[in-house]
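Student: Sequence first, then the predicted structure:
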Amino acid sequence: MAGGVNGGAAGPWRGWREATEAALYGPGGFYLRSEGPAGHFRTSVHASPLFAAAVARLLERVADELGTDEVAFVDMGAGRGELLTGVLAAVPSGLRVRAYAVERADRPAGLDPRVEWTARPPSGVRGLLFANEWLDNVPADVAEADDTGTPRYVEVREDGAERLGAPVTGADAAWLERWWPLREPGERAEIGRARDEAWARAVGTLAGGLAVAVDYAHTAESRPPFGTLTGFRDGREVLPVPDGSCDITAHVALDACAEAAATRPAPGPELIPQREALRRLGVSGERPPLTLASSDPAAYVRALAAAGEAAELTARGGLGDFTWLLQRVPAEGYCPA
């Protein structure tokens, strides 16, 4: 843990949740800049149009299950609308989509006029709510066990220096004990309670359909002993410094989020790797047969390129390691497959 002294040009000591909120979403914050997330890191959306096409197929399935030809698509943390643009281009003409971009940055110029740009998800809609790499940027406090094993809040300054603060108490302490207990001195955790609450609120806006969160994640059986807090800038991992110069992110305890948003009598939530989720939606990294190269060379080249993009989206050690949380919301006439 970095050391430092209080005060000076580095600013006050704050918990990581407060510091991250200011760095990402405050005046001049990292996520409010014109270049958007795509200017700093590559997500599945930016890797290949196959991702948006797969989400469009999922949207079709949700519409079929709801028995409607008009369905909502809610994109949480929409960035600059890249996923929405791809989904709207990929859905069949017979499916009417009410598209919502939920984003704190300003609406980008030239975005499809069918997209409603909003700071909060719409309430009472039926369809698909999709949160791709959103929860990892919901600010979370960080805790560290002191020399006696007592979890304490980690405080940070704008220059990234850290110190241990007050003991963790109340609802945060209960969350740690339930989901990420710290036992040994030096162990760290990101307190996911704010993310649980954010996901539960988002799922609660659906009147029926499916909510999906996609993120790098961990579960109770495999929590990292020293946390996952990190930063990204210009496509590279950097130290997390809450001065607005970099993204600040941490993996998500998606099992805790799932429990927080559980509804009855809906089927239980499902946690699956992205490679499995995309294969269910028809994305495969298998190479096309060589016979196609002689019978239709142009088609072979196109299929080979698509296979390469699919392989990147599903690769172990890369984008395929994302976890998908699928959480169904029951509605009248809704029959989950």
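Tutor: Looks like it arrived, so ask away.

Student: what number of residues lie near the residue nearest to Asp146 when sequence neighbours are not counted?
Tutor: Distance criterion Cβ to Cβ, 6 or more residues apart in numbering; nearest residue to Asp146, sequence neighbours excluded, is Arg152 at 5.3 Å. Yep, even glycine has a C-beta here, placed from its N, CA and C like the rest. When neighbours are counted by other Cβ atoms under 10 Å, Arg152 registers 18.

Student: Bridged to Arg152, which residues?
Tutor: Assessed by DSSP bridges, Arg152 has beta-bridge partners Glu144, Pro167.

Student: ok, it touching Glu144?
Tutor: Yes. Judged on Cβ atoms under 8 Å, Arg152 makes contact with Glu144 at a distance of 6.1 Å.

Student: what's the distance between Glu103 and Trp324?
Tutor: Glu103 is 21 Å from Trp324, where distance means Cβ to Cβ, to the nearest Å.

Student: same thing with Ala207?
Tutor: Distance from Ala207 to Trp324, by Cβ to Cβ: 22 Å.

Student: Repeat that for Ala166.
Tutor: 36 Å.

Student: Neighbour count: these two, which is higher?
Tutor: Trp324 (23 against 9).

Student: which ones are touching that one?
Tutor: 212-214, 270-274, 277 (Cβ atoms under 8 Å, 6 or more residues apart in numbering).

Student: and it, what element?
Tutor: Here Trp324, judged by DSSP states H and E, is contained in strand 323-329.

Student: Walk me through which strands that strand pairs with, and which way each runs.
Tutor: strand 206-215 (antiparallel), strand 270-273 (antiparallel).

Student: Surely Thr148 and Glu184 touch.
Tutor: No. With contact defined as Cβ under 8 Å, Thr148 does not reach Glu184; the gap is 10.8 Å.

Student: what's the burial count for Pro113?
Tutor: Applying other Cβ under 10 Å, we find 6 other residues in the vicinity of Pro113.

Student: Could you report the pLDDT at it?
Tutor: At Pro113, the pLDDT value in this model is 95.

Student: Can I take it that it is in a strand?
Tutor: No. Using DSSP: H, G, I helix; E, B strand; the rest coil, the assignment for Pro113 is coil, not a strand.

Student: could you pull out the strands for the stretch 151-300 of the chain?
Tutor: 151-156, 162-167, 188-190, 206-215, 217-218, 230-233, 236-238, 247-249, 252-253, 270-273 (DSSP state E, counting those that start in this stretch).

Student: mean confidence score for the fourth one?
Tutor: Regarding strand 206-215, the rounded mean pLDDT is 97.

Student: picking up where we left off before, which of the contacts of Trp324 has the largest number of neighbours?
Tutor: Ala213 (32 neighbours).

Student: Pretty sure it sits against Leu135.
Tutor: Yes. Assessed by Cβ under 8 Å, Ala213 is found in contact with Leu135 at 5.6 Å.

Student: got any residues that touch both of these two?
Tutor: Common neighbours of Ala213 and Leu135 (Cβ under 8 Å, 6+ apart) are 199, 252, 254, 257.

Student: Next up, the contacts around the first one.
Tutor: Read it as Trp199. Contacts of Trp199 (Cβ under 8 Å, 6+ apart): 131, 135, 211, 213, 257, 260-261.

Student: measure it to Ser295 for me?
Tutor: 49 Å.

Student: How about the second one?
Tutor: Remark: distance between Val252 and Ser295 (Cβ to Cβ) = 46 Å.

Student: More neighbours: the two, which one.
Tutor: The residue with more neighbours, out of Val252 and Ser295, is Val252; 29 against 9, by other Cβ under 10 Å.

Student: Can you check the pLDDT for that one?
Tutor: 98.

Student: OK, contacts around it?
Tutor: 135-136, 192, 195, 213, 215-218 are the contacts of Val252 under Cβ under 8 Å, 6+ apart.

Student: Give me the buried entries from those.
Tutor: Buried members of these, counted by 16 or more other Cβ atoms under 10 Å: 135-136, 192, 195, 213, 215-218.

Student: quick one: the helices in the stretch 51-200 of the chain?
Tutor: Applying DSSP state H, counting those that start in this stretch to the stretch 51-200 of the chain gives helices spanning 82-90, 170-179, 193-204.

Student: Pipe those helices into CSV and attach distance to Gly231 per row.
Tutor: Shown next, in CSV, are those (distance: least, Cβ to Cβ, whole Å):
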stretch, distance to Gly231
helix 82-90, 22
helix 170-179, 23
helix 193-204, 18
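
Student: still on that earlier bit, who wins for proximity to Ala90 among the strands of the stretch 151-300 of the chain?
Tutor: Of all these, strand 206-215 sits nearest to Ala90, with 16.2 Å by Cβ to Cβ.
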